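> test case, fold it:
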Amino acid sequence: VQLQASGGGLVQPGGSLRLSCAASGSIVSINVMGWYRQAPGKQRELVATIASGGNTNYADSVKGRFAISRDNAKNTVYLQMNSLKPEDTAVYYCSADRVLSGTVQYLGVWGQGTLVTVSS
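Below is the predicted model of the structure:
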């Protein structure tokens, strides 16, 4: 089972980016998918999560600016980021807490990270 994140890049303050993360590996189901980020010199922090049924959870710092969504048929989670600020600069990681692949359950699966830089 692998998670492949994409969509990072350089954007000006106030701009937008959309991150994608696709799971691969004979996926049967994925429980909660999420996005975390780690800025230089800081600990990794939660950005947003979404359950298989669609319930979402956001960090206070991104509420009203970021939107998480998922396509269960494609085993993909998205993060639409609007009104970006320099403090959003970080490596963004996607995650899945429980992944059923065939008859094997994987716990705590992480993607490789994609860099988002917000700067003028």
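> need the contact list for the residue lying closest to residue 109 once chain neighbours are set aside.
The shortest distance from residue 109 to any non-neighbouring residue, by Cβ to Cβ, 6 or more residues apart in numbering, is to residue 96 (4.6 Å). Glycine gets a C-beta too; all of them are placed from N, C-alpha and C. Residues in contact with residue 96, defined by Cβ atoms under 8 Å, 6 or more residues apart in numbering, are 3, 23, 30, 31, 32, 33, 34, 106, 109.
> cutoff 7 Å now
Taking Cβ atoms under 7 Å, 6 or more residues apart in numbering, we find residue 96 in contact with 3, 23, 30, 33, 109.
> show the model's pLDDT score for it.
With respect to pLDDT, residue 96 has a value of 97.
> buried residues in the particular helix or strand that has it in it?
For residue 96, the host element (DSSP states H and E) is strand 90-101. Buried residues in strand 90-101, counted by 16 or more other Cβ atoms under 10 Å: 90, 91, 92, 93, 94, 95, 96, 99, 101.
> adjacent strands (with direction) for that strand?
strand 27-30 (antiparallel), strand 33-38 (antiparallel), strand 104-110 (antiparallel), strand 114-118 (antiparallel) (DSSP bridges).
> now that strand, how far from the chain's geometric center?
Mean-position distance between strand 90-101 and its chain equals 7 Å (Cα atoms, centre = their mean, to the nearest Å).
> pull the CA atoms of it into PDB?
Extracted in PDB, the C-alpha atoms of strand 90-101 (Å, rounded to 0.1, in the frame of the first residue of the first chain):
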ATOM      1  CA  ALA A  90       5.500  23.500   5.000                       C
ATOM      2  CA  VAL A  91       5.900  20.000   3.700                       C
ATOM      3  CA  TYR A  92       2.400  18.500   3.500                       C
ATOM      4  CA  TYR A  93       1.900  14.800   4.100                       C
ATOM      5  CA  CYS A  94      -1.200  12.700   3.400                       C
ATOM      6  CA  SER A  95      -2.100   9.900   5.700                       C
ATOM      7  CA  ALA A  96      -4.500   7.000   6.100                       C
ATOM      8  CA  ASP A  97      -5.200   5.600   9.500                       C
ATOM      9  CA  ARG A  98      -6.500   2.200   8.400                       C
ATOM     10  CA  VAL A  99      -6.200   0.700   4.900                       C
ATOM     11  CA  LEU A 100      -7.700  -2.700   3.900                       C
ATOM     12  CA  SER A 101      -5.800  -4.200   1.000                       C
END
